[in-house]
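Undergrad: structure for this input, please:
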Amino acid sequence: QVQLIESGGGLVPAGGSLRLSCAASRGALSVYAVGWFRQAPGKEREFVAAITRGGGTTYYADSVKGRFTISRDNAKKTVYLQMNSLKLEDTAVYYCAAKPFIGNNYRGGYVYWGQGTQVTVSS
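TA: Got it, this is the predicted structure:
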């Protein structure tokens, strides 16, 4: 079982950048595919990005493609989400999640979840 801890959230002006981190405080992260999700107030949680165990394949929601980049450093047991050109609509609590394999469903089926980190984009 892996325990996930997100960090790096904060307040940033529109057009700015943030880098979120998802660290495994217990267990090896390298054996899991990892996804990032977000939930804005009053909205359902939505998929943002995902990465396979070795980092060779990545997936993105259309709304963030070209602006966000997911990556991982398995030696550091950490997955990153680099967010550039942030928009007001990117404001949300961001969660990372893990599952053994991406399989055919990179948007769902995640087993382990972190507690989230708040990202607020200001005008």
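
Undergrad: the residue nearest in space to the middle of the chain: what's it in contact with?
TA: Of all residues in the chain, the one closest to the mean position by Cα atoms, centre = their mean is residue 36, 2.5 Å from it. Applying Cβ atoms under 8 Å, 6 or more residues apart in numbering to residue 36 gives the contacts 20, 22, 48-50, 70, 79, 81, 94-97. Heads up, the C-betas are built off the backbone N, CA and C, glycines and all.

Undergrad: rerun at 6 Å
TA: Residues in contact with residue 36 (Cβ atoms under 6 Å, 6 or more residues apart in numbering) are 48-49, 81, 96.

Undergrad: among these, who's most crowded?
TA: Among the contacts of residue 36, the one with the most neighbours (other Cβ atoms under 10 Å) is residue 96, at 32 neighbours.

Undergrad: work out for me the element that one sits within.
TA: strand 92-99 (DSSP states H and E).

Undergrad: surely the residue nearest to the centre of the chain is within a strand?
TA: Yes. Residue 36: assigned to a strand according to DSSP: H, G, I helix; E, B strand; the rest coil.
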